[in-house]
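Undergrad: coordinates for the following, if possible.
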Amino acid sequence: MTTLALASSWLTVVGLIAVCFAIAGRLLVQRRQLAGLVAALELANERTAAYAREMERQALEDTLTGLHNRRYMNAELPRELERTRRFGRQLSLAILDIDDFKVINDRYSHQVGDRVLAELARLLRATCRSMDGIVRYGGDEFVLYFPETPPAAGRTTCQRLLARVRAHHWAGLEPGLRVSLSIGLASTRDAGNVEGLLEAADHRLRQAKQAGKNRLAAGPSLVRVA
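TA: Next up is the predicted model:
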């Protein structure tokens with residue numbers, strides 16, 4: 001083989017090596033770009049999932065009080081009742097509202113009324129167990145449901161709540177402000193479905209209102225906090 005042929009072969013090999021290095025370099029760049037795209041996609045998916053979770057939370061939460069809302073209750077309470085039936089337990093449910101809440105709004109302003117609702121939500125949390133359901137049902141009306149709780153225990157919790165609200169320093173929100181509740185209590189002894197429980201508790205809430213407010217109606221009895 002002549003010197004010219006050897007030089008030509010060498011140049012060919014060098015050229016092939018250069019091409020291989022160029023291809024390898026491009027592949028490395030593309031691999032890094034692909035890794036960056038994958039990381040960006042994963043981050044976008046995480047943000048989308050977090051956004052979806054936040055939207056779901058907001059859809060089930062009352063913005064003013066931070067309590068669960070009626071939509072949450074409509075989904076969760078039937079499941080809680082099913083667990084109650086399955087294990088042969090009892091569940092108690094209370095509907096309560098603030099006495100003369102419209103007067104509070106008219107006399108002190110709707111802003112003060114909102115602060116009353118938020119403060120009441122805090123008292124509800126402080127009174128109930130972590131396993132209990134606390135729901136802003138609408139306006140100044142709330143629903144509490146107590147899993148694995150017979151009527152006597154539910155009554156005790158409601159009496160404690162009445163006393164706590166009565167004794168609370170509401171004038172700290174606005175001078176002269178006073179707040180009381182009326183509560184109607186029912187249990188799975190009264191009804192075995194959501195509609196029946198709510199109807200029984202609502203009927204007793206009306207009894208409490210008609211008897212003079214600031215009291216609990218639980219079956220045949222009315223309890224007032226003096």
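
Undergrad: what's the distance between Asn214 and Leu185?
TA: For Asn214, the distance to Leu185 equals 15 Å [Cβ to Cβ, to the nearest Å]. Every residue, glycine included, has its C-beta placed from N, CA and C.

Undergrad: those two: which is more packed in?
TA: Neighbour totals were compared for Asn214 and Leu185, and Leu185 leads with 29 against 21 (other Cβ atoms under 10 Å).

Undergrad: confirm the more buried one sits in a strand?
TA: Yes. Per DSSP: H, G, I helix; E, B strand; the rest coil, Leu185 lies within a strand segment.

Undergrad: what's the per-residue pLDDT of it here?
TA: For Leu185, the model assigns a pLDDT of 97.

Undergrad: cool, Leu37 as well?
TA: Reading off the model, Leu37 has pLDDT 72.

Undergrad: tell me the backbone dihedrals of it, please.
TA: phi -70, psi -40 (degrees, to the nearest 10).

Undergrad: and the lowest mean pLDDT element among the helices and strands of the protein?
TA: strand 221-224 (a mean of 54; mean pLDDT, DSSP states H and E).

Undergrad: domain parsing for this protein?
TA: Per automatic domain parsing, the structural domains of the chain span 1-59, 68-224.

Undergrad: now Arg85: how far from Ala167?
TA: From Arg85 across to Ala167, the span is 37 Å (Cβ to Cβ).

Undergrad: hang on, I meant Gln90
TA: Relative to Ala167, Gln90 is positioned 29 Å away (Cβ to Cβ).

Undergrad: higher neighbour count, these two?
TA: The neighbour count for Gln90 versus Ala167, taken as other Cβ under 10 Å, is higher for Gln90 (17 against 9).

Undergrad: I'd guess that one is in a strand, am I close?
TA: No. Counting by three-state DSSP, Gln90 is not part of a strand but coil.

Undergrad: pLDDT value on the closest residue to it other than its chain neighbours, please?
TA: Leaving aside its sequence neighbours, Gln90 sits nearest to Pro150 (Cβ to Cβ, 6 or more residues apart in numbering; 4.6 Å). At Pro150, the model reports a pLDDT of 95.
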